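# generate coordinates for the sequence data below:
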Amino acid sequence: MTTRTRTTVSPRPAHRLGAGLLGLGLALALAGCAGGTSTSDPAAVDRASGAPGASSGPPDEAAALSITDPWIKAADTGMTAAFGTVVNDSDVEVRIVSATTTASPRAELHEMATNDAGEMVMRPKEGGFTVAANGSHELAPGGDHVMIMGITTAVRPGDEVSVTLTAQDGSELTFTAPARTFEGGNETYEGDATSTPGAPGATPTPAAS
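Modelled structure (predicted):
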C-alpha cells in the first residue's frame, strides 16, 4: 500500500508584501532626490548652472561711487569742464557712460588724445570712463574730463554747478562742483562745433579743459 504525502505551502502574509513595496518606493524616491536639483528655487538653479540670471555685480552701480575734490573751470561763455577723482568702493568695475549738468543742456565724457597731425586734442571718450574695482579714476585738465558745451550762463569763481554721472546700468552719481579760475588747458576741440551755440570748435579756447 502506497502512502501519498501532500505538502501545503502557506501564503505569505499580506502585511509583509505591503512593507516590501513601501520600502522599495522609499528607496526610489530618495535616489531621485539625490540625483536632481529642485527647480522650486530659480536662484538656486542660476547659482548651480551659472545661468545669465545670476547676479554678477551690485544692482545699483553708482551707489558704490563717490567723488573727491570736484571742481569746474570758471568761464563766461562757450565751453568749460568738470573735474575730480571718482572713487569706486565695490569689488566690481563700474563704467560711466554719460553726464549731464545744470550749466548746459549738453555735456560729454572727453579725453585728451593725439590726432593724425600730431596735435593734442580733446574728443569724446569712446566707451566712457571705467572706474576699477576698489579703485579710482581721475578727471583732470589734460586728461579725462566732463566737457560742458555751450554754457547757458556765465560760471563765475565760487559758483556751484550740479553734475550727474550715469553708470552703464542707468544709476547715477550727482555732485556739486565749485567753480575755480584756471588759466591752463587751452586745448583744441576735435568735434562738431556747429551743433552747439558758443562752442569754439577746432580752435583753442580759454574755456576748454
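
# R156 reaches R180, doesn't it?
No: at 10.4 Å, R156 and R180 do not qualify as touching, with contact defined as CB atoms under 8 Å. Where C-beta positions appear, they are placed from N, C-alpha and C, glycine not excepted.

# list residues touching both of these two?
In terms of CB atoms under 8 Å, 6 or more residues apart in numbering, R156 and R180 are both contacted by the residues A74.

# compare those two and say which one has the larger neighbour count.
Here R156 and R180 are compared on neighbour count by other CB atoms under 10 Å; more neighbours surround R180, at 14 against 11.

# leaving out the residues flanking it, which one is nearest to that one?
Here the nearest residue to R180 in space, its sequence neighbours aside, is W71; by CB to CB, 6 or more residues apart in numbering that works out to 5.0 Å.

# now do the contacts for the one you found.
Contact criterion CB under 8 Å, 6+ apart gives 82-84, 177-180 as the residues in contact with W71.

# checking it next. Helix, strand or coil?
strand (DSSP: H, G, I helix; E, B strand; the rest coil).

# which parts of the chain are helices?
When secondary structure is read from DSSP state H, the chain shows helices at 14-35, 42-49.

# rank these by pLDDT, which is bottom?
Considering those one by one, the lowest average pLDDT is found for helix 42-49, at a mean of 41.
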